[in-house]
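Undergrad: Here is the input, now give the coordinates:
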Amino acid sequence: YALAIVELHAGRPDDALPLALLAVDQLRWRDFTGLLGPAIALAATAHAQRGEADQAQALLATLQPAQRDDVKVVLQEAEARAWLAVVADDVDAAVGMLLPAVQRGVELGHLLLATLTASVAVRLGAATAARPLLDAAAAASGAPLLERAAQHALAYLDTLDHRPVAAAAGQDLAVAVT
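TA: Next comes the predicted model:
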């Protein structure tokens, strides 16, 4: 599961997908950590980034109501649905799915996962809207990684051309965050 997250946020959904699916298989067998829901949503996100909407939707449909109450699932499912919206050429809808999930993640103290989800909003051109959430997460944690994510949003705002990364990359949705 953790390796799949790393691969996904490094812009490698092709590498993330088999790891996420392995995590789902293993967690279905025995899930004493409560990570089956997040792993399902993570695999759906990898499918969505690869443009495999039907597979992503099928996985999301398997999430149970109790799993959907878990903020880790809220964040990851928002990413999956956002990438589905990007594939459907609706970046505004994608951002609209991400920011409320990030807000909830920050409020509930899931700062790293909220920051990762906020980084997707930044990639999609919503650095202005994501920045206060990233700043709040960084301030609450004091972690250098979260501070760097907030700085990345500011750097993105300072660029001359801050078109959404997904649009600037064309069909290649696996652009790594720089």
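Undergrad: remind me which residues of this structure are low pLDDT?
TA: 158-178 (pLDDT under 70).
Undergrad: Let me see the ranges of the strands in it.
TA: Ranges of strands within the chain: none, based on DSSP state E.
Undergrad: For it, which segments count as helices?
TA: Assigned by DSSP state H, the helices in the chain fall at 2-9, 13-29, 36-49, 53-61, 65-68, 71-87, 91-107, 111-123, 127-141, 144-158, 165-168.
Undergrad: residues of the fifth one that come out buried?
TA: Spelled out, it's helix 65-68. Gln67 (16 or more other C-beta atoms under 10 Å). For the C-beta atoms, the positions are set from N, CA and C on the backbone; glycine is no exception.
Undergrad: Quick check: which helices or strands does it pack against?
TA: helix 36-49, helix 71-87 (3 or more C-beta pairs under 8 Å, 6 or more residues apart in numbering; DSSP states H and E).
Undergrad: Those: which one's closest to Ala121?
TA: helix 71-87 (7.9 Å; C-beta to C-beta).
Undergrad: Report the backbone C-alpha coordinates of the closest one in CSV.
TA: Provided in CSV are the C-alpha atoms of helix 71-87 (Å, rounded to 0.1, in the frame of the first residue of the first chain):
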residue,chain,number,x,y,z
VAL,A,71,-11.0,10.1,6.0
LYS,A,72,-8.2,8.1,4.3
VAL,A,73,-10.8,6.8,1.9
VAL,A,74,-12.4,10.2,1.5
LEU,A,75,-9.0,11.6,0.4
GLN,A,76,-8.1,8.8,-1.9
GLU,A,77,-11.5,8.5,-3.4
ALA,A,78,-11.5,12.2,-4.1
GLU,A,79,-8.2,11.7,-6.0
ALA,A,80,-9.7,8.8,-8.0
ARG,A,81,-12.8,10.7,-8.9
ALA,A,82,-10.8,13.8,-9.7
TRP,A,83,-8.6,11.9,-12.2
LEU,A,84,-11.8,10.4,-13.7
ALA,A,85,-13.0,14.0,-14.2
VAL,A,86,-9.7,15.0,-15.8
VAL,A,87,-9.9,12.1,-18.2
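Undergrad: Could you tell me the angle between the direction of that helix and that of helix 36-49?
TA: In terms of direction (axes from the mean of the first three to the mean of the last three C-alpha atoms, to 10 degrees), helix 71-87 departs from helix 36-49 by 10 degrees.
Undergrad: for helix 71-87, packing partners?
TA: Partner elements for helix 71-87 (3+ C-beta pairs under 8 Å, 6+ apart): helix 36-49, helix 53-61, helix 65-68, helix 91-107, helix 111-123.
Undergrad: List of residues touching the third one?
TA: The set of residues external to helix 65-68 that reach it, using C-beta atoms under 8 Å, 6 or more residues apart in numbering, is 36-37, 40, 73-74, 77.
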